[in-house]
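Enquirer: here are the coordinates; sequence isn't available:
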């Protein structure tokens, strides 16, 4: 294992530290010493303030100068296992290569780097093929743009018109991705999050999402990363059985089914769907409750005639419960109400999704930490932040409800909250106990759900009363009532 089995932090550089990579590094030392084994640095490339908060890079191999430079990233990587995003599907429309394409059209040396409708479907696309394309958003997958000679081209834009899809099968596309891998390997990056990898391969006659060719692409890219000493984490929201298949063919996947299953458990005291999932869930996974995106729903839903982990009625109830728990705040940030429309996510902080209930929030984290996988905690979750309605009103971007800007003083203030101090205790207990590198088991009875890790003489256990949700954690001989930390 090239990385530690310890809790990791997910964060933007500027939104947590209020400044640079160096300031983030110093803040972590002062406010959270010996808490995290790893840091997932969300996009820190040029620019960090594009239309999609850094996920539309103009230059994927340069650090935004407002945050620092690669030397600063290297220094951070000496103290933490660093994860960086590799945005494999697209780059900014403002990038030098695409601007050259707009100016010169097919005469541009970068023409083969980008995908157009014509490249995939020919001059006379079959309407059924176009209709069959899997979409993460209700917008068209193409954006018509005028070239320098006055002609027009339909460029593939899976997410937004400012994110131009790359032809990853072209020689230029391969060279582009290799340049990113090489840059990462030289700068202390140990883990790579493959962003939107499920959309990278397009082929006529398919839905252009998670096809056999996509699996092959992910495997090949992961192998190149492994050869450079790095490990890839595949980021794909999909049907839970597809996630299990992906896990068999890559090093790490997300457990995206966990967030809605835990919310369902907290709302209904029904942990059976969670227990069912943990019978089959991948063990080579990274667990999350919250990320920079919304709370995923598609991961627990049905796939055609195949049932989901939750029924349609349970999912509807879950979504409505999120809206209700935060007094409707998430409605203003989700679906048609949001600038960045997502078909499968609810935009809300996890703390607000639980009605800002400290105990249910702490129990949710305990469940996450006892599930198989490497746990990650998003920075707003670390500080138990409620929805940021002021930022949402200012930006009109739905996901900003969960992307607060904090300076050092605000971090210090939130870190002293009782629920945050309890969460820090739980993180340190999880990190210090070697039981979590051993064998996992779980048992559901009529009145109790127990999760257990054992590694030789080291044992850790979480026991939850199904009637009351009262819980206690056991670390070897130490038994702690979870409520006692609040």
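Expert: Received it, and whenever you're ready, just let me know what you need. Values in this document were obtained by computation on a predicted structure and should not be read as measured data.

Enquirer: which ones are touching residue 119?
Expert: Each residue near residue 119 by Cβ atoms under 8 Å, 6 or more residues apart in numbering is listed here: residue 167. From N, CA and C alone the C-beta is placed, and that goes for glycine too.

Enquirer: so after the helix or strand hosting it, what's the next helix or strand?
Expert: In this structure, residue 119 sits in helix 117-121 according to DSSP states H and E. The helix or strand immediately downstream of helix 117-121 is helix 127-131, counting by DSSP H and E.

Enquirer: List of residues touching that following helix?
Expert: Residues outside helix 127-131 that contact it (Cβ under 8 Å, 6+ apart) are 117, 121, 141, 204, 205.

Enquirer: Outline the domain layout of this structure.
Expert: Domain assignment of the chain by automatic domain parsing yields the ranges 8-88+169-437, 96-165.

Enquirer: how close does the nearest residue to residue 98 once chain neighbours are set aside sit to residue 86?
Expert: On the basis of Cβ to Cβ, 6 or more residues apart in numbering, the spatially nearest residue to residue 98 that is not a chain neighbour turns out to be residue 164, at 5.3 Å. If you measure residue 164 against residue 86 using Cβ to Cβ, to the nearest Å, the figure is 17 Å.

Enquirer: again with residue 137
Expert: Look at residue 137 and residue 86: by Cβ to Cβ, they are 21 Å apart.

Enquirer: before we move on, what about residue 218?
Expert: Relative to residue 86, and taking Cβ to Cβ, residue 218 is found at 11 Å.

Enquirer: Which residue is the nearest non-sequential neighbour of the residue nearest the centre of the chain?
Expert: Ranked by distance to the mean C-alpha position of the chain (Cα atoms, centre = their mean), the top residue is residue 291 at 5.0 Å. Distance criterion Cβ to Cβ, 6+ apart; nearest residue to residue 291, sequence neighbours excluded, is residue 378 at 5.5 Å.

Enquirer: Bridged to that neighbour, which residues?
Expert: With DSSP bridges as the criterion, residue 378 is bridged to residue 10.

Enquirer: tell me the contacts of it?
Expert: With contacts defined as Cβ under 8 Å, 6+ apart, residue 378 is in contact with 9, 10, 11, 288, 289, 290, 291, 292, 350, 402.

Enquirer: Quick check: nearest residue in space to the residue of the chain positioned farthest from its centre, chain neighbours excluded?
Expert: Checked against the mean C-alpha position of the chain, the extreme residue using Cα atoms, centre = their mean is residue 149, at a distance of 40.5 Å. Distances taken as Cβ to Cβ, 6+ apart place residue 105 nearest to residue 149, at 5.6 Å, with adjacent residues excluded.

Enquirer: In a helix, residue 450, correct?
Expert: No: Residue 450 sits outside any helix when classified using DSSP: H, G, I helix; E, B strand; the rest coil, being strand.

Enquirer: about what we covered before: give the residues shared as contacts by residue 218 and residue 86.
Expert: When contacts are counted by Cβ under 8 Å, 6+ apart, residue 218 and residue 86 have 194, 232 as shared neighbours.

Enquirer: Would you mind pulling the contact partners of the helix or strand hosting residue 244?
Expert: Remark: residue 244 resides in helix 240-248, with elements defined by DSSP H and E. Outside of helix 240-248, the residues within contact range by Cβ under 8 Å, 6+ apart are 210, 215, 218, 234, 236, 238, 253-257, 277, 280-282, 284-285, 299-300, 303, 306, 308-309.

Enquirer: So which of those belong to strands?
Expert: 234, 253, 254, 255, 285 (DSSP state E).
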